[in-house]
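Participant: model the following, please.
(2 chains, ligands or ions: 2)
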Amino acid sequence: MALALENVSKHFGSLVAIRNLSLSFDVGSIYSIIGPNGAGKSTVVNMIAGSYSVTSGTIRLGATALNRLPKHRIAQLGVSRTYQNLRLFDGMTVLENLEVCFFPQSWLTFLTGAKRLSKAERLDICHACLAEFHLSDVADVLAGDLPYGRQKILELARAFVTQAPIVLLDEPAAGLNHTETKDMAAMIAGLKREDRAIILVEHDMDMVMSISDRIDVLNYGELLCSGTPDLVRTNERVQEAYLGTTEELDDIRKLAQSRRAQGGLRANAGIVRH
Amino acid sequence: MGNSVIVRRLGLLAVLALCVVLLALVPYLPSYYVRVADSILIYIILAVGLNLVVGYAGLLDLGFIAFYAVGAYAYALLASGQFDIHLPFIVVLFIGAAAGAIAGVLLGFPVLKLRGDYLAIVTLSFGEIIRIAINNADELTNGPQGIAGLDRASLFGLPLTSPVHFYWLLLVLTVIVCAGVYYMERSILGKAWRALREDQDVVRGLGINTTTLKLLAFALSAAIGGAGGVIFGAFQRFVSPESFTFQESLLVVLIIIIGGVGNIVGVIAGAVVLVILPEILHFAAQYRLLIYGVVLVTVIVLRPGGLVSPRFNLGFIIRKVRTLWLSPSKT
Ligand SMILES: Nc1ncnc2c1ncn2[C@@H]1O[C@H](COP(=O)(O)OP(=O)(O)OP(=O)(O)O)[C@@H](O)[C@H]1O
Ligand SMILES: [Mg+2]
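Facilitator: Ligands and ions are numbered 1, 2, ... in the order given. Model prediction:
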């Protein structure tokens, strides 16, 4: 199954967040979308997931045009996601946060129970998933009571528990410390599968460079460059636009630290924008 | 099996027996107290029903009493001399529940796009619209005069005429409704509702159609309201629009808020307190409403989450009883 953006644009009033973007993603790989703050990365994720409508262009999953469908239909077709700012169900337990993903998706399944997982099957899948993400010990803890790092992992687990073929991860490592980020990178790398495309938006360059099969660089809503990590690393335009001068790099690091202090809340300050 | 286990089990049985005896003694009290008990039970049923929408799905519905009115008028029209239709009580009970559910869905469709305050205002208006429509539909409902002389109800050959009869009927229904809602709360549907209350966009992102989810909450809660209304009609044997004012909707919402949102135990406590309080305050004559208001405000200030903590819910009690019963040694 392949996901394709065809000449997609997104305007917010007079602001052009995405301009004529064409990209395609196929199962079996990890794709990273990188770019400075405000480049439009989250906007791409939100358009694919149906949170934002597209201004023009088409997003296709296989032969189906996604961008006219309601959000829940897009999810049912196999697109799952995480959010840049954590959005767990804080008042529910860790286990329940996963269980709720298995709510019957249509009236027919709901009423007849056809194709519907039994409670035992559902719990088996969820417990297996918790084990895979090292969350078994906190299965009955309220999600809101978990430390930040484990909340990030729980959100990751929630995106993978239904085995969706397209998984969108918006900054899974934001706010994590160095070791947590490395663990997160290893975890995501381990989730790569033949029947799954992982689309990763991330600022942590070590992570992006180490686990991506392809990197797409966005700048001001346009595709600057696209290719293997080695190719992107050496691309001059990328260095200029994204990495900026060393001074700015220091700023980025400082920002990352302060984000950690704020519990992962991201300021959309245009550090790299001019 | 050690001695302590037997003692513990006997203790549990004693507590259970005490509850049953207390409930069974109510009918022997003077009729006034039985009526108060009936009133408490009716409000428990209504509040547990509305709690599906307010407490679980997180949608503030201020027009709930409209469904109660639909049920009461279903009985008034289908079991009285009004059109000389005399359906049995049990049949009207189901018709009333179905009519309530349909009204719930009809209300649900237009308002589901709304959130928070807007939803509250529209549902409030809906409640008023239903009441005013009943008031104005003279040929059908006799308007403000109401419909009198509703049929004496009976159930499986047993007469339902005195407050004591209704006490037993309401007690059984309360248990059924609470058990049903508790089961729902624990099912995946209940989890989806709670998730909806926390973050509706994320719920949609999980592939769940939030419109159906909310409609289902509205329909089920309205069905319970409708069934309650049928019982009310059969009990009073007289209905008029006056019984279905905004104050009534507000009282049901207050019961939930004072008791503990989303918690059946809290809702029961809330109904007991808010129905008994004005009765106790009769002695205070003209200061009654003032004291009532002060008490409510005090509760909200001191316990903003409601009288009963969310942790102390039906699940907690059941777990506690089970461990007390089963655990072989002292816990
Ligand atoms: N809902 C919205 N309404 C108006 N403008 C928006 C909205 N969402 C995003 N934008 C704007 O679109 C541009 C792209 O935003 P987006 O969030 O996609 O950036 P990003 O690449 O994810 O940045 P970051 O690294 O900070 O997360 C920004 O200028 C942003 O202000
Ligand atoms: Mg972003």
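
Participant: how about the residues of the stretch 51-200 of chain A by ligand 2?
Facilitator: A:Gln84 (Cβ under 5 Å from the ion). (Each C-beta comes from the backbone N, C-alpha and C, glycine too.)

Participant: quick one, strands of the chain?
Facilitator: Assuming you mean chain A. A:2-12, A:15-26, A:30-34, A:56-61, A:64-65, A:79-81, A:166-170, A:197-201, A:214-219, A:222-227 (DSSP state E).

Participant: wait, I meant chain B there
Facilitator: Counting by DSSP E, the strands of chain B are B:79-80, B:85-86, B:147-148, B:153-155, B:158-160, B:238-239.

Participant: most neighbours per residue, which of those?
Facilitator: strand B:79-80 (a mean of 22; mean count of other Cβ atoms under 10 Å in any protein chain shown).

Participant: helices or strands up against that one?
Facilitator: strand B:85-86 (3 or more Cβ pairs under 8 Å, 6 or more residues apart in numbering or on different chains; DSSP states H and E).

Participant: so who does B:Phe244 touch?
Facilitator: B:Ile65, B:Ala66, B:Tyr68, B:Ala69, B:Ala72, B:Gly127, B:Ile130, B:Arg131, B:Ile134 (Cβ atoms under 8 Å, 6 or more residues apart in numbering or on different chains).

Participant: also A:Gly227?
Facilitator: A:Arg214, A:Ile215, A:Asn235.

Participant: one more: A:Val27?
Facilitator: A:Met1, A:Ala2, A:Pro165, A:Ile166, A:Arg193, A:Glu194, A:Asp195, A:Arg196, A:Ala197.

Participant: cool, B:Gly305 as well?
Facilitator: B:Gly260, B:Val261.

Participant: now do the one 5 residues further on
Facilitator: Contact partners of B:Pro310, counting by Cβ under 8 Å, 6+ apart, are B:Gly260, B:Gly262, B:Asn263, B:Gly266.

Participant: relative to B:Leu220, how far out is B:Lys214?
Facilitator: Using Cβ to Cβ, to the nearest Å, B:Lys214 is found at 11 Å from B:Leu220.

Participant: helices of the chain, start to end?
Facilitator: With no chain named, the answer covers chain A. Listed in chain order, the helices of chain A (DSSP state H) span A:41-49, A:71-76, A:94-99, A:107-112, A:119-132, A:148-160, A:178-190, A:205-211, A:229-234, A:236-238, A:246-261.

Participant: chain B is the one I meant
Facilitator: Along chain B, counting by DSSP H, helices occupy B:3-25, B:31-51, B:65-78, B:89-111, B:116-136, B:138-141, B:163-186, B:188-198, B:200-205, B:210-236, B:246-259, B:264-280, B:288-302, B:314-326.

Participant: sorry, back to before: could you export the strands of chain B to a markdown table, including columns for mean pLDDT?
Facilitator: Shown next, in a markdown table, are the strands of chain B (pLDDT from 0 to 100):
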| stretch | mean pLDDT |
| --- | --- |
| strand B:79-80 | 72 |
| strand B:85-86 | 78 |
| strand B:147-148 | 76 |
| strand B:153-155 | 73 |
| strand B:158-160 | 77 |
| strand B:238-239 | 84 |
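
Participant: and the residue of chain B nearest ligand 1?
Facilitator: The minimum distance from chain B to ligand 1, using Cβ to the nearest ligand atom, falls at B:Asp201 (12.4 Å).

Participant: out of everything not next to it in sequence, what's closest to that residue?
Facilitator: Using Cβ to Cβ, 6 or more residues apart in numbering or on different chains and skipping the chain neighbours, the partner closest in space to B:Asp201 is A:Ser51 (7.0 Å).

Participant: I figured the one you found hits A:Asp170, correct?
Facilitator: No: counting by Cβ atoms under 8 Å, A:Ser51 stays clear of A:Asp170, with 10.6 Å between them.

Participant: same list (the strands of chain B) but as CSV, adding distance to ligand 1.
Facilitator: CSV is the format used below for these (distance: least, Cβ to the nearest ligand atom, whole Å):
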stretch, distance to ligand 1
strand B:79-80, 56
strand B:85-86, 57
strand B:147-148, 54
strand B:153-155, 57
strand B:158-160, 58
strand B:238-239, 51
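
Participant: need the winner for burial among the helices of chain B.
Facilitator: helix B:65-78 (a mean of 29).

Participant: under the pLDDT cut-off, which ranges of the stretch 101-250 of chain B? List them.
Facilitator: Along the stretch 101-250 of chain B, the model assigns pLDDT under 70 to no residue.

Participant: look at the residue in the stretch 1-150 of chain A positioned nearest to ligand 2 and report its pLDDT.
Facilitator: Proximity of the stretch 1-150 of chain A to ligand 2 (Cβ to the ion) peaks at A:Ser42, 3.0 Å away. With respect to pLDDT, A:Ser42 has a value of 94.

Participant: ok, now A:His274?
Facilitator: 36.

Participant: make a markdown table out of the contacts of B:Pro310 and add distance to A:Lys119 and pLDDT.
Facilitator: Below are these laid out as a markdown table (distance: Cβ to Cβ, whole Å; pLDDT from 0 to 100):
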| residue | distance to A:Lys119 | pLDDT |
| --- | --- | --- |
| B:Gly260 | 27 | 81 |
| B:Gly262 | 22 | 80 |
| B:Asn263 | 23 | 85 |
| B:Gly266 | 26 | 89 |
